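> Sequence and predicted structure are below.
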Amino acid sequence: MSITAIARPEIRALRSYDAETTLDDALRLNANEAPQAPGNGAANGLNRYPAPRPLGLAAKLAALYEVDPENILVTRGSSEGIDLLVRAFCRHGLDDALVTPPVFSLYRIYASVQGAGVVEVPLLDDFELDPDALLAACDERTKLIFLCSPNNPTGSIIPRDEILRIVKSRSGKSVVVVDEAYIEFSDTESLAPQVSQFENLVVLRTLSKALALAGARCGSVIASPAVIALLDAVLAPYAISAPVISSAESALSARQLAAAESQVRQTIAERERLSVELAGCKAVERVWPSQANFLLVRFSDLASVKRHLDAAGIAIRSFEGDQVLQDCARITIASQDDNDRLLRAIRGLTC
């Protein structure tokens, strides 16, 4: 039985929007477009719709992630992939999504928007996953299991064998979604190639982090062709704009990929330096190891630190009010100069 059998029946009945494609040199009278592009759109043809699905970009992403093109759905950031999965698999009031807090908040938000239940299996004190507790929390309502590795905001990794154990245990029962937004900054391998072996495995990737295209909003859902076809029917036509397609394809050139790899190495080196330097600051109680492009830091008095940094024009992600992450903040790894600016500000605190 295909894993799509657990999807919402009305979604299974959908078919993708029928947007006719037209040869580039044809007289296009089929799409209700403007005949010219006055002003800023004139030079780049923005009066015309982009491809309903950017197949060329999907092929480039498939090569990057070592999967087949039919395993890729290009989305507006990986966050849209989360939304599509919740809408496709969770019925209002009947189905659940399982999350492992502290974790990326959008999993809960999209489930709540859909009216799905949210089951929490908290990470252990050292931010490790308890696979036995997770599997014990699953039942017939559990349609989606979200695993973030490296985890946001802790920077911790879920071991590959633990993820695959969960995938195998929930075969035919749950879709296991592995969010790999930060994997380029880690020492672990992507699970993307495994989607050809496990139909209930879905991997999310993004160009926002390592490839420095956060402003373009371009991500990928990597899954079995059956799951991709299901999500494709939910995704709006022409979802990826022409400038985004162009920017992403340029970023996937051999030259740009090499530059991105170099920048990732610099970020990792700065992450390790900043971790050591922060640990020596009086205002800092703990810095957790990270395999992402950020650090989770506990301060002795987060409120005072945040006021001080705000006054210095430095923004960090505060978790004030969170019981698990009390007095913690997530700090993005920036350039060496900006990291030094942060350190100078924190070293001036004695709290």
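On my side now, so go ahead. Residues are numbered from 1 along each chain as shown.
> For the stretch 101-250 of the chain, just list every one of the helices.
When secondary structure is read from DSSP state H, counting those that start in this stretch, the stretch 101-250 of the chain shows helices at 106-114, 131-137, 160-169, 225-234, 242-251.
> Ok, which of those helices comes nearest residue 99?
Among these, helix 106-114 comes nearest to residue 99, with 4.9 Å by C-beta to C-beta. For glycine as for every other residue, the C-beta is placed from the backbone atoms N, C-alpha and C.
> helices or strands up against the closest one?
On a contact count with 3 or more C-beta pairs under 8 Å, 6 or more residues apart in numbering; DSSP states H and E, helix 106-114 meets helix 77-89, strand 96-99, strand 117-120.
> if you set the cut-off to 10 Å instead, what comes out?
helix 77-89, strand 96-99, strand 117-120, strand 142-148, strand 175-179 (3 or more C-beta pairs under 10 Å, 6 or more residues apart in numbering; DSSP states H and E).
> Pull out the buried residues from that helix.
Of all the residues in helix 106-114, those buried under the rule 16 or more other C-beta atoms under 10 Å are 106, 107, 108, 110, 111, 114.
> now the longest helix along the chain: how far from the chain's centre is it?
Secondary structure of the chain read by DSSP state H shows that its longest helix is helix 254-279. Per C-alpha atoms, centre = their mean, to the nearest Å, the displacement of helix 254-279 from the mean C-alpha position of its chain is 19 Å.
> Beyond that helix, next helix or strand please.
Counting by DSSP states H and E, the next helix or strand C-terminal to helix 254-279 is strand 284-287.
> same for that following strand, what does it pack against?
Contact analysis of strand 284-287 by 3+ C-beta pairs under 10 Å, 6+ apart lists helix 254-279, strand 294-299, strand 328-332 as its packing neighbours.
> returning to that earlier point: adding mean pLDDT and distance to residue 336 as columns, could you present the helices of the stretch 101-250 of the chain in a markdown table?
Supplementary listing: the helices of the stretch 101-250 of the chain in a markdown table, determined by pLDDT from 0 to 100; distance: least, C-beta to C-beta, whole Å:
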| stretch | mean pLDDT | distance to residue 336 |
| --- | --- | --- |
| helix 106-114 | 98 | 31 |
| helix 131-137 | 98 | 39 |
| helix 160-169 | 98 | 32 |
| helix 225-234 | 97 | 40 |
| helix 242-251 | 96 | 23 |
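> For residue 198, find the nearest of these.
helix 160-169 (5.0 Å).
> Looks to me like residue 63 is in a helix.
Yes. Following the definition DSSP: H, G, I helix; E, B strand; the rest coil, residue 63 is counted among the residues of a helix.
> OK, contacts around residue 113?
For residue 113, the set of contacting residues under the criterion of C-beta atoms under 10 Å, 6 or more residues apart in numbering consists of 83, 86, 87.
> got it, and residue 203?
With contact taken as C-beta under 10 Å, 6+ apart, residue 203 is in contact with 65, 67, 71, 78, 81, 176-180, 183, 190-195, 220-223.
> Any chance of a PyMOL selection covering the buried ones in these?
Buried residues within those, by 16+ other C-beta under 10 Å, are selected in PyMOL with:
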select buried, resi 65+67+71+78+81+176+177+178+179+180+183+190+191+192+194+195+220+221+222+223
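> Skipping its backbone neighbours, what lies nearest residue 283 in space?
If the residues on either side of it in the chain are set aside, residue 283 comes closest to residue 349, at 4.1 Å by C-beta to C-beta, 6 or more residues apart in numbering.
> Could you check how far the one you found is from residue 313?
Separation of residue 349 from residue 313 (C-beta to C-beta, to the nearest Å) stands at 16 Å.
> More neighbours: which of those two?
Between residue 349 and residue 313, counted using other C-beta atoms under 10 Å, residue 349 has the larger neighbour count: 17 against 8.
> Would you mind confirming that the more buried one is in contact with residue 302?
No. The pair residue 349 and residue 302 does not pass the contact test of C-beta atoms under 10 Å, sitting 11.1 Å apart.
> between these two, what contacts are shared?
Going by C-beta under 10 Å, 6+ apart, residues that sit against residue 349 and also against residue 302 are residue 283.
> remind me which residues of this structure are low pLDDT?
Per-residue confidence for the chain (pLDDT under 70) gives these ranges: 19-24, 39-43, 350-351.
> How much space separates residue 78 from residue 52?
21 Å.
> got it, and residue 193?
If you go by C-beta to C-beta, the gap between residue 193 and residue 52 works out to 27 Å.
> what does residue 314 give?
In this structure, residue 314 lies at 43 Å from residue 52, with C-beta to C-beta as the measure.
> re earlier: the residue nearest to residue 283 and residue 303, how far apart?
Note on residue 349: its distance to residue 303, by C-beta to C-beta, is 12 Å.
> so what sits against both of these two?
A shared contact of residue 349 and residue 303, defined by C-beta under 10 Å, 6+ apart, is any residue touching both; here there are none.
> does residue 343 sit in a helix or strand, and which one?
Residue 343 is located in helix 336-347, with elements delineated by DSSP H and E.
> For that helix, enumerate the helices and strands it packs against.
On a contact count with 3+ C-beta pairs under 10 Å, 6+ apart, helix 336-347 meets helix 254-279, helix 302-311, strand 328-332.
> The last one pairs with which strands, parallel or anti?
Using DSSP bridges, strand 328-332 pairs in its sheet with strand 294-299 (antiparallel), strand 317-318 (antiparallel).
> Run through who's touching the shortest one.
Taking C-beta under 10 Å, 6+ apart as the criterion, the residues outside strand 317-318 that touch it are 152-153, 294, 296, 299, 302-303, 305-306, 309-310, 325, 327-332.
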